[in-house]
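Q: sequence below, structure please.
(one chain, ligands or ions: 1)
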Amino acid sequence: MGAKIADLQVYGYRARHRVPYSNGRYTYDSTEIIVCKVIADDGLSGIGWTHGDSIVIDSMLKIRPWLIGLDPYRMEMIWDVMYQPKLLGRRGLETRAISAIDIALWDMMGKSCGKSVWQLLGGYRESVPAYIAGGYYEEGKSLSDLQDEMVANKAKNARCLKMKIGKVSIAEDLERIDAVLDAIGKDCSLMVDANNAYNRIDAMKMGKELDKRGIYWFEEPLIPDDIEGLALLSGKIDTPLAVGENEYTKWGFKQLIDSGAVSIINADAQVLGGITEWKKVADYAQASNVLIAPHGDQDIHSQLVGSISNGLIVEYYDSNLNSLLKAFSNHIMISTDGTIPMPEGIEGLGVEFDSELLEEFRFYPEK
Ligand SMILES: [Mg+2]
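A: A predicted model of the protein is given here:
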């Protein structure tokens with residue numbers, strides 16, 4: 001008899017930000033990470049994590065009894081057990097719960113056979129380019145503060161940087177963009193991310209301005225549901241669009257990719273349905289000649305991007321932006337050539353949480 005799932009433990013952690021920061025549409029005064037640990041009856045375990053709140057926790061608790069007694073290495077079967085549209089919802093935060101559990105199963109699979117997830121998925125290349133995300137809005141943050149931040153990020157070996165736009169007028173954002181371009185120099189590319197902030201008219205105006213400046217990509221110009229608007233926009237500007245951090249499951253991505261609106265998708269395994277589903281999205285994208293540049297966590301996505309042939313670049317968050325990242329024991333760094341090397345000698349995701357360090361941030365289970 002093989003191993004069986006004996007338990008699913010769930011933890012919620014929240015870190016308050018020193019000062020709230022905003023992107024084009026949302027303001028954050030804290031960061032939450034929901035962690036799950038799948039434990040098998042042979043003693044092995046795997047961890048997965050995602051961002052979210054009590055909806056994610058409640059969804060995990062709802063799924064937990066469905067998992068007990070199942071073979072943890074049958075992810076394809078378990079995914080179908082978890083995906084119950086009428087009971088759990090087809091998209092959104094509930095799908096993030098499925099995502100984190102599926103990620104934990106892949107971590108456990110790696111641990112059980114002594115291979116990294118990068119190896120399990122096919123190990124396509126040995127390093128992946130990375131960019132650093134930043135350039136948020138903050139009360140009192142001046143243009144020179146923004147420049148200093150971006151230059152400091154560049155100094156962490158990034159050859160590509162991202163900043164937020166969409167919260168202020170187009171004229172004001174262009175001032176910010178020009179200030180950053182000036183500061184980071186020609187040997188570093190810049191992406192901009194509007195986080196769904198624009199209507200079609202302003203997205204077009206901004207897109208034409210970005211064309212003049214050679215911006216690497218224009219991320220989430222519109223609401224995720226306006227796929228037709230994205231297709232119209234991409235037909236009229238040269239700057240590539242990148243979307244997908246708010247898209248879910250292979251079915252959502254199939255629609256997005258089939259629309260021809262985007263050539264880069266920000267498929268996030270912690271959001272869209274886990275590693276099992278991410279691989280399907282990546283393969284469908286490969287067949288459609290679309291590149292993958294995941295949104296979010298570098299600990300997970302550097303291995304995933306490195307495993308496929310159509311991986312473009314990995315998003316990198318500095319722990320200055322998210323203090324919970326300090327509790328990861330596997331700190332990934334960007335090498336001097338601007339890439340993240342694939343991990344050697346690790347099993348699964350190779351990430352262990354420092355539960356002592358995390359204890360002060362725990363909000364679930366309640367203390
Ligand atoms: Mg984004």
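
Q: I'd like the distance from the helix or strand harbouring Arg64 to the chain centre, please.
A: When secondary structure is defined using DSSP states H and E, the element that contains Arg64 is helix 54-67. Between the centre of helix 54-67 and the centre of its chain there are 21 Å (Cα atoms, centre = their mean, to the nearest Å).

Q: what lies in contact with the next helix or strand after it?
A: Towards the C-terminus, the helix or strand next in line after helix 54-67, according to DSSP H and E, is helix 75-82. For helix 75-82, contacts defined as Cβ atoms under 8 Å, 6 or more residues apart in numbering pick out 63, 66-67, 70-72, 88, 98, 101-102, 105-106, 109, 273-277. The C-beta positions use only the backbone N, C-alpha and C, and glycine is treated the same way.

Q: how about the nearest residue to the closest residue to the ion within the stretch 101-250 of the chain, chain neighbours excluded?
A: Using Cβ to the ion, Asp193 is the residue of the stretch 101-250 of the chain that sits closest to the ion, at 4.3 Å. On the basis of Cβ to Cβ, 6 or more residues apart in numbering, the spatially nearest residue to Asp193 that is not a chain neighbour turns out to be Glu219, at 3.9 Å.

Q: quick one: contacts for that neighbour?
A: By Cβ under 8 Å, 6+ apart, the residues touching Glu219 are 162, 191-195, 241-243, 266.

Q: same thing with Thr336?
A: Residues touching Thr336, when contacts are defined by Cβ under 8 Å, 6+ apart, comprise Asn157.

Q: what is the least confident helix or strand in this protein?
A: Among the helices and strands of the chain, helix 355-358 carries the lowest confidence by mean pLDDT, DSSP states H and E, at a mean of 86.

Q: what's the first helix or strand after that helix?
A: Past helix 355-358, further along toward the C-terminus, the next helix or strand under DSSP H and E is strand 362-364.

Q: grab the longest helix from the protein for me.
A: helix 93-113 (DSSP state H).

Q: check which residues of the strand of greatest length in the chain are buried.
A: Among all segments of the chain classified by DSSP state E, the strand with the greatest residue count is strand 5-22. By 16 or more other Cβ atoms under 10 Å, the buried positions in strand 5-22 come out as 5-6, 8, 10-13, 15, 21-22.

Q: angle of that strand against helix 75-82?
A: Compare the direction of strand 5-22 with that of helix 75-82 by axes from the mean of the first three to the mean of the last three Cα atoms, to 10 degrees and you get 70 degrees.

Q: near the ion at all, the helix or strand following strand 5-22?
A: Where DSSP H and E defines the elements, the next helix or strand beyond strand 5-22 is strand 27-40. No. Looking at strand 27-40 against the ion by Cβ under 5 Å from the ion, there are no contacts, and the closest approach is 12.7 Å.

Q: just checking, what packs against the helix or strand following strand 27-40?
A: Scanning forward in sequence from strand 27-40, with DSSP H and E defining helices and strands, the next element found is strand 45-51. Identification of packing neighbours for strand 45-51 by 3 or more Cβ pairs under 8 Å, 6 or more residues apart in numbering; DSSP states H and E yields strand 27-40, helix 93-113, helix 269-272.

Q: need the residues of the protein near the ion, please.
A: When proximity is defined by Cβ under 5 Å from the ion, the chain lies next to the ion at 193, 219.

Q: centroid residue for the chain?
A: The residue lying closest to the centre of the chain (Cα atoms, centre = their mean) is Gly296, at 2.2 Å.

Q: nearest residue to Gln129 in space, please, no chain neighbours.
A: No Gln there; residue 129 is Pro. Ile313 (4.6 Å).

Q: so that neighbour touches Arg159, yeah?
A: No. Using Cβ atoms under 8 Å, Ile313 makes no contact with Arg159, being 9.7 Å away.

Q: these two: who's more crowded?
A: Set side by side, Ile313 and Arg159 show unequal neighbour counts under other Cβ atoms under 10 Å, the larger going to Ile313 at 26 against 18.

Q: from Gly274, how far off is that one?
A: According to Cβ to Cβ, to the nearest Å, Ile313 and Gly274 sit 21 Å apart.
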